[in-house]
Every structure is written in C-alpha cells, then in structure tokens.
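Participant: here are the coordinates; sequence isn't available:
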C-alpha cells in the first residue's frame, strides 16, 4: 500500500509508456511522450501548489495579524486563488507609453521559464527526478540566475523611474547574495562528494531499516557545518527570492512595486507565479541539501514528506515576512559581503576539518564537533562584533523638568 | 537526419542568430538579450557534446555574471541613447565587415579541406569528477594562477571604478 | 551523428560574426560583447576537439580557463568603460583618442 | 455663402493625445529626479516629494503641498463660530478631538467663557485617548514605511478600534466627533463609557509591552532608525518644530506644561526628552508619551467629579463674541496646534488662522533627508507624523 502510494506516479508513468509502446507508436512519439509527461505533471501539481500557497500565505499572515484573511470565496476562502486568477486574466493589460513593448512582453515570460525549469532537477520523491545529471546543484543555480536578467529587463522596459530603481536594486541584491547562496550549498556537496542532488539526498537517508523518522539523525542540519551552512543558505535564498525582509527590489513603501510597477493583469500574475514557484523550488532544494529531502518515515510517501518539508520552510518565510521590517540597500549589501560571505567561507573550512577528522567513536565525534565549533563560534562572534559597530546602541531617555 | 542532427541544426541557428543580434541590434538591452540567447545556445551545444560541467559553468559565468556585468555597465553609462547607428556603411565599417568575412571564409575553407571525423557515438562517462581531479592534480598550477588572476581582476575592477567616483565627489 | 567539421564550421562562423562586431561597433560595451562571442567560438572548438578525440581532459580544462579569463576580462573591461564614461561622458570608442599621436 | 466662423485652409494638426515626457533624457543624467507622490503608498495622503537622487542618495528634496487644500480658513470666515467646529474635525482627522479642543479653547479665550469642572475632565480624557491612539498608530505607520508587512500597523489599529468604539458611544461618531462646545462638551459620558475607558487603559500597558517587544528591540528597526534623519536641537528650535519631534531633539517644550491649559496643572505626568533627534528617538518618544498619557487618564478617571458639562451662560445660537482677537494653543498629538481668531463682533470671525503642527514640522524635511538613502527619506517622513488634512487645510 505504502509502496503503491510512494511509487504511484512512477508506476503510472511506466505503465503509460508501456501501453504506448505496445500500441506500436513510433519511437520518436514515445520519446516525446516520456519527456512530456513529467513536464505536464510537475507543472500541473506545482502550479496548483502555487495557487494554494497564495491562499495559505494570506491566511497565515492574517492569523498573525488578528485578521481572518480571505474567507468569502468557497469554504475558508479556498477558491480565492481561482477568483484572483480570473481577475488577473480579465484585467486590462496596460503597457505604458514609451515602454519597450517587446521587452515589456518578454520579461514576464523570461522570469517564469527558469522558475519552472529548475523543477526538472529536483528529486521530488523516491525515483522521481526528471533530469538526473551529475551537476544538478550547480545547474539549479545557473538556471535560476537567469531571473536576475528578467527583472532587469522588466525594470528597463517599463520606462518608469521606480521600475528602474527596482531593477537596479534587484540586480545589486542578486549578485551579492549569489555567492553566499552557492557557498552555503557547498558544504553539503563537499561532504557527499557529488553535485548530484539524488546522491546528496540518499546520503542523508536511513543507513539501517527502522530508523527514527527515516533517518532524521543523518540530516546534514545536525552537524555544525550543516547548521551554519543551512542558515547561510536559507538567508541568502530568501534574499535571492526577494522575500521580506530582503524585498527591497519591490519595496512597496519606497518604490511602489519596483520592477513590476508597470505590470498589470496576467503579466503581473506571471511575475507573482514565478516568485512563488521559485520559493517552492528553493525550499525543495534547501530540504534536499540539508533536511534529508524526501527521506521520511516509511508510512508516508516520499513525495508527501518533501511537500511537508517545503511547507515547513515556507511557513518560516511567511512568519519572518510578517514580523521583520525591511533592510536598507546598503545594509543589505553589507550583511551579505561583510557577514554572510565570510561566515560561509569559514564554514567551508570547518566542513573540510569535519570531513578529515575521524568520526567513528563517540570520542572522535566529540573531537570533530569541538574542532568545528572552535572554528565557527569565534568567527561568528568576531563577525558579529565587527559588524555591530555603529548601529543598535542602548539609549537612555530623561524627562524634562517643566 | 536523426534527432541529434536536428537538435544541432536548431541550436546552431539559435546561436548564430543570437550572435548576429548581439552584433547588429542598436538598442543595448535588446542586444544584451540576444547575447544571452547566444550564451544559452553555446551552453546547450556543450551539453550536447556531453561536457555538462562546462555547459553549467558557461551559464553560471556568462549568464549569471558577465551578462549582469553588462547590465551594470549599460545602466551606469546610461547608454541607451548612445547606441551608435550601424546602418550607415562608412568605409571603416565596410573594411571591418570585409576583413571579418575574409577571416571567416578562410577558417571555413581550412575546415572543409580537412578530412571529416564523426564524433564517437559513446558518451564520455561523466566529466565533472575527472575535471575536479585534474584541477587538483595535474592542473593545480594553472588553477592557482587563474584564482590569482581573478583576485587581481576583482581588485583592479574595484580600484578603477572607485577612484573616479571619489574624484567626482570631491570635484 | 554530428561530425567534427560541422562544429568547426559553426565555430568559424561565430568567430567571424564576433570579429565583424568588434571591428564595426562603436559602443565600447558592444565591442566587449563581440569579444565575448569570439571567445565562446574558440571554446566551442576546444570542446569539439575533445569530444572527437576523447583523450585526456585538456579540452574542457582549457575551456574552463578561458571562461575564467573571460570573466576577469569583462570585469576589468567594463570597469574601464565606466571609468572612461565618467571622464568623457561617452562610451563611443571613436571618441577615445587622447593617446593617438 | 461661407460662414464667417468656418475655418479656411487645412485643418490644424490634432494635438497628440499624450506627450512623451523626456524620461530618457532623465535617465541620461547622473542624477535622477523622482516625484514621490502625490499617489504613493507611503506619503500618508496626497503629498508629494520631488526628490533628486544620485544613485540611491537623496541630494535634493522639495516637499510639495496643497493637493488637499480645502479652503478651510476661508470657509471658517464665512460661517458661524459653531459651524466651524465640525470643520475642525477634518484638520487632523486622526485626532479630531484635539482640534476641537484647540478651537474651543481659542473661542473661549476670545469670549471669556469658563468651562465646568466635569467638562474639563471629559476633555482631558477624550484628548488623551486621542493621543494614545495617534501615537500607537504612528508607530505602526512608521513600521509600515520600514517595510514590516502590516503586522505592527494592524496591531495598532486593533487597539485604535477599541478607543474609537468609546468615541462612537459617547459622541456618535468614530472619527469626526464634533464633541466640544464653547464652554463645555456636547454630551456627558455615562458610567458604562467610563468603565470601558478604565478597561482600555488597564489593558493598554500589556499591549504596549507586546508591541514594543515586536519592534523596539528588533535589530533591523534599530539599524534602520538610529542615526537617520538627525535634527539638531538648534534647528528644531529655529524652525519652530513642536510636539514629539521637537522633544526627540531634546527641546523641553510641551504646551500642556508650558501653558497648563485646561486642568493640566492638576495631573502628575512627565515630558520625555530624546537626545539624538533621529528617527528612533522620534519613535520612542511616542511610546514613552503613551505611557504618560495613560498616567493622566488614570488620574483623570479617579478624580472626575459629577456636575454639569456645559456653561449655561454661553449662547449656543446667535453666538457673537465681542470685538477682539485671541490665539489659543494646545498640545495636539502632532505638536503645537494653534488657532488665531479675530472677531469684529459678527456672527463669523473676521480672520481665522490655523497653526498646524504637521505643516510646520514638514518644512525641515529636506534638512533631515539630505545625504540619506531614498528608503530613509520615506522613513523620516513617516516619523514626522503628518496628516494631510492638517498640512493643506
């Protein structure tokens, strides 16, 4: 039963291909079918996931703010995304006078493509990776870096000063957080010795049958380098995704909506969708690198486990979004270059140390932990001290004698 | 014509179109987009030739970094209006195009005269790990030199761009 | 299957296009763009020869180092372009002639 | 026969439907001129800042007001004295009761009217409640400008609703209360209302602590606010800045203490002072002042006597004060709110002028913003605490 659930998608896929072959369809058609089915299924499921997520985000933030959130359309407002979609589709598509019409049209398309493409690389469940290459982690970053250009195109083509400012901010932000992002992912690659996401996930799986929560103890998160790497990766990822508190590129209180100020209707919906899809993809990547990917208890199908982990990470993002104010541009850059990047680099050193030291016995483990902690904790304290110079002073207030 | 050949022809068309666009379009952002298309075409060709790692690095470096650098240059120089006309064929331009055509024709001519070798059908077994090993053993010196070069370029770029900024403020 | 010569011809064409661009464009940024195209064409050759021969990894490694140099070159080149722009308020290579005799 | 009016020759070129503004040339320059407002999420109404940016740094800023000009003063000079009262609600529509009091105080000074004891207490209670909600919401708005996704603002508005319920129950209106009358107030507060007020001020400190825990100790907020938009004490005095903004710069000035209008001399409360004069001080000044206001409210509720709420000698209809002029001022939540009225003995004032604190506080916006980033300019504006109804009048 669990196996059927777990491998249901895979088995159905094999069955369809088998039927197609039995029917005597030409080889190229079968090949095309084998390519098309995963694409269609992934897009359908994760686009549905995206719609649900917009609803969930509004609901979660509403609860944090003592509101109800959407509750008019359908039970618990569940059909709100449908209504939003219809509205976006029927809304007038405004293109500002003086805009570069071709690029204005192209930008939302370009921004969606990488957001969807990266799903091909993710192990979405056991035996459920569409494209299993040797370099999938690197390829993920390579593909998602395209969205930077899309944001620039959107800002430039809109012919609006706010858009231009937003585009500039987006680019500056993305190139400063690209490095900590990649360096944050590097420890996991180093230890496993492969850039293949499937191999990284497998390395975090149960080493023997019947382990707690499918080998939760083997998650990379529970190592010193894993913890630091995950935190650096997660923060840099939030910046990369333009999530609050790093949403300066569209900071609505400053530059209206940044690069998508001049977008309406379905084009705007595409930007929105790309943002959410990349959020999901990024959460999936983060869970694959550090949280054991689809590994979970045996009674849950593997794809559901990944879903839950994605939800967990996204919930944390929503929580942060509804709590923290936005950083300023220079503070954002300073945080990346002066704090996150050095920490990530030192973390790589700590990973190397951990990898070299023996970890067979308990004493060995203690030594390895101690060594990694000895590298990481002073670095953290030093960086915190170096960065916390000017701001955040204690203030004392007095009362006027009137 | 099998699928590989069809793919090759398509990719070549895309690549050449991208290159032509980048060298002929006057609107800078559009030329840049065309360049990105070209980069992607080349990366796809690398993938086709089973050099996955190089393909990925191609996208990462060219699209993720070089193209973004170009974006910065475009924005910082506000060069939208200054994109120069290519329509008028002044003598120097004609000479340039002719020269390039001669070089291209020469290269193609040489290639066509040599005996053709079909690419081996067997795919090489994963290049990523061997490349990593080679970089750490036989090619360690070039690897280190490259990293020094990158550092020098980084510092140099910062210095060049900074110095002037300060002058402008003090002026 | 694709033959080696097809790849070499493609690379030659790309190189010629890049060269033509470098020789005819007046905007310094676009000259740099053209140079990148030429470098990519050369890279394609390295990979093609490696794929045809399949001996050693010299081709991909050479391509890798070319990539590194291209990155460094464009960083410094664009920094120069920006510096020049600040001085001359122009990125037209025709205007940059203060060193000509 | 040709008609004289018939045009001769070719028809003129039709005017283009729109003219392209030379944005391209604007991009061409080193400095980017951005018009923030009048339609912008963070200008707190229809206010415009013409900002010149070098990259992200503000090099020039010109506040442009007047989009909400409603001829308030001219209308007041044409209508009766009492008829102006509801109009004053619309000045600072976030704290209408304070405006009422300022106007009532001035007219009472002009006509020499005394106010019964209980009415004075009612005035203090209503006005301090206004101050409490205003300051809380300003902190919420400020956080909204900082980019905190609505949460502080919604929390602040939740508390505001409770106070607005009291206003509604007492005066019949939630925002445009029109509560004050010359020589008293319009309706008395019932014991139920007073109990509700008591409950609100009992619960408020807990809310305030929670609110502060969300914000004050937040490192991002501190980094964004400290050292931003510093206003020196000297500049604050010479520019006539008043209210929490002046006190944040260390100017010991509070009309409640200086004038002791109404019955403010009976209450024990303190006036907090900042030292740096930056946005963080301005934010924290408001938090501290809420605590002081709660102190006043507690005392007022305890001491409130029974009695009439309206001076019976004052004529409500056909109210014509004698010839003369008067300037009355109160400490509104935003600063010193002054009314200047000249009477010729008619049914309407000869000259009526409002000294609006928001307006005066806005005048030094450029001095505070120069050299800061665009994002800071928004925050500085948010910390000034303006209401456009009052700025433009």
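Facilitator: Arrived safely, thanks for sending. From a predicted model like this one, the values you see are computed outputs, not experimental measurements.

Participant: what residues does chain B put near chain A?
Facilitator: Counting by C-beta under 8 Å from any C-beta of the partner chain, the residues of chain B close to chain A are B:3, B:27, B:29-30, B:33, B:36, B:52-53, B:56-57, B:59-60, B:63-65, B:67-68, B:71-72, B:75, B:126-129. For glycine as for every other residue, the C-beta is placed from the backbone atoms N, C-alpha and C.

Participant: okay but residue D:252 is in contact with residue A:401, surely?
Facilitator: Yes - in terms of C-beta atoms under 8 Å, residue D:252 counts as a neighbour of residue A:401; the distance is 7.4 Å.

Participant: if we can go back for a sec, give me the buried subset of the residues of chain B next to chain A.
Facilitator: With burial judged by 16 or more other C-beta atoms under 10 Å in any protein chain shown, the buried subset of the residues of chain B next to chain A is B:29-30, B:33, B:36, B:52-53, B:56-57, B:59-60, B:63-65, B:67-68, B:71-72, B:75, B:127-128.

Participant: quick one, which of residue D:252 and residue A:401 is more surrounded?
Facilitator: Neighbour count, other C-beta atoms under 10 Å in any protein chain shown: between residue D:252 and residue A:401, residue D:252 has more, with 16 against 9.

Participant: Got the phi and psi for the more buried one?
Facilitator: Phi and psi for residue D:252, reported as degrees, to the nearest 10, are phi -80, psi 80.

Participant: now residue A:308
Facilitator: Main-chain dihedrals, residue A:308, degrees, to the nearest 10: phi -60, psi -40.

Participant: Report the contact partners of it.
Facilitator: Shown in contact with residue A:308 (C-beta atoms under 8 Å, 6 or more residues apart in numbering or on different chains): A:296, A:300.

Participant: And the pLDDT for it?
Facilitator: We have a pLDDT of 87 for residue A:308.

Participant: In chain A, what residue lies closest to chain C?
Facilitator: Nearest residue of chain A to chain C (C-beta to the nearest C-beta) works out as residue A:175 at 11.6 Å.

Participant: For the stretch 1-150 of chain A, give me the ranges with low pLDDT.
Facilitator: Along the stretch 1-150 of chain A, segments meeting pLDDT under 70 span A:1-3.

Participant: Report the contact partners of residue D:327.
Facilitator: D:106, D:109, D:338-341.

Participant: can we see that at 6 Å?
Facilitator: Contact analysis of residue D:327 by C-beta atoms under 6 Å, 6 or more residues apart in numbering or on different chains lists residue D:340.

Participant: Next one: it from residue D:392, what distance?
Facilitator: 22 Å (C-beta to C-beta, to the nearest Å).

Participant: Now do the phi/psi pair for residue A:398.
Facilitator: Per-residue torsions, residue A:398: phi -120, psi 170 (degrees, to the nearest 10).

Participant: Check residue D:49 too.
Facilitator: The phi/psi pair for residue D:49 (degrees, to the nearest 10) reads phi -120, psi 120.

Participant: what separates it from chain A, distance-wise?
Facilitator: According to C-beta to the nearest C-beta, to the nearest Å, residue D:49 stands 12 Å off from chain A.

Participant: if we can go back for a sec, tell me which element the residue of chain A closest to chain C falls in.
Facilitator: Secondary structure from DSSP states H and E places residue A:175 in helix A:161-192.

Participant: In terms of helices and strands, where is residue A:34?
Facilitator: Using DSSP H and E, residue A:34 maps to helix A:27-64.

Participant: Actually, residue D:285.
Facilitator: Remark: residue D:285 resides in helix D:279-303, with elements defined by DSSP H and E.
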